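**Student:** How does the following fold in three dimensions:
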Amino acid sequence: MYHRNMSLASHSSSRRKIPRQQRGERRVEELLDAAEAVIADMGYEAATMSSIAQRAGAAIGSLYQFFPNKACITQMLRAEYARRFDQTYAPLESQANSLNPEALAGHLIDLTVHFVETHPALPALLDAPGTTRAPAAMRRVLRERFASILRAQNPRISRHKALLLGTVTLQILKTLNQLYTELPGAERQRVAEEFKMVLLSYFCARLKPRVKGGVRK
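**Tutor:** Numbering: from 1, shown residues only. As a prediction, this is how the structure comes out:
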C-alpha cells in the first residue's frame, strides 16, 4: 500500500523517522495497512495507536518511531488514498478525446463509485479532522489530472479554463464520495446516476464540443 516515491505526509510540528531502507519501508507499509483496517472497522475517533500497533503485530514503540501520533499516520494514509484516487483516473487522459460529455461523465462517476467501494476506510477518513488532509501538493496533482482529462476531451479550451473546470469536477466527485458512503445500499446507485446528470450538465455547458452519437467529432 505504501508508495515509496510519494511525499511522506506529516504535520510540520511532528517529528517522525523517515525509512531509509527496504526493511523500514516494509514496516511503514504494514503499519499503514493496519491503520487502514482499524480506522475502517472502528472509525477515526475510536481508533487508537495501541489498536493500530496490535493489528500490525508491532510494539507500540515501533509505531511511535515512525508516527508520533494518530493524526500523522492518518494524514499519510489520506495522502496514499489521494495518490490512488489520482491513478484511478489516469487512463482517461488517453481516452477522453474519443468520448462525448455523456460518456466522460459516466466514466468519471463509475470510477469514483468503484474507488469508494474498494477503499473501506474512506468514510472514516473523510470524517477525520481537517488537519489530516493530504498535502496541498497532492491536491494540486488531482486538479491537474482533471484539467488534463478535460483538455484531452476538448483541446480548444485554455489551460486556465481547464484548471477551473478540473477543480469543480474534482469537488463534484469528492461530494459524491461523501454522500455515497452515507447512503444505504439501495439508494447508492440512484444517487450515482443523479451525479452523472449533474456532471453531464456541467460539461455540456462548459465544454461544448460538437458530438454525434457517442463519439466526439
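
**Student:** Okay, now the unreliable bits of this protein?
**Tutor:** Along the chain, segments meeting pLDDT under 70 span 1-22, 24, 209-217.

**Student:** Could I get the full set of strands for it?
**Tutor:** Secondary structure of the chain (DSSP state E): strands at 211-212, 215-216.

**Student:** tell me the domain boundaries of the protein?
**Tutor:** 22-76, 77-216 (automatic domain parsing).

**Student:** In a markdown table: these, plus mean neighbour count.
**Tutor:** In short, each C-beta sits where N, CA and C put it, glycine included. Below are these laid out as a markdown table (neighbours: other CB atoms under 10 Å):
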| stretch | mean neighbour count |
| --- | --- |
| domain 22-76 | 18 |
| domain 77-216 | 17 |
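
**Student:** contacting residues for A59?
**Tutor:** Going by CB atoms under 8 Å, 6 or more residues apart in numbering, A59 touches A53.

**Student:** where does it sit relative to V168, distance-wise?
**Tutor:** 46 Å (CB to CB, to the nearest Å).

**Student:** Y202 is in contact with E102, correct?
**Tutor:** No: look at E102 against Y202 with CB atoms under 8 Å: they stay out of range, at 11.9 Å.

**Student:** so what's the closest residue to S51 other than its chain neighbours up against?
**Tutor:** Take S51 and drop its neighbours on the chain: the residue closest to it by CB to CB, 6 or more residues apart in numbering is V38, 5.1 Å away. Contacts for V38 (CB under 8 Å, 6+ apart) come out as A47, S51, I52, R55.
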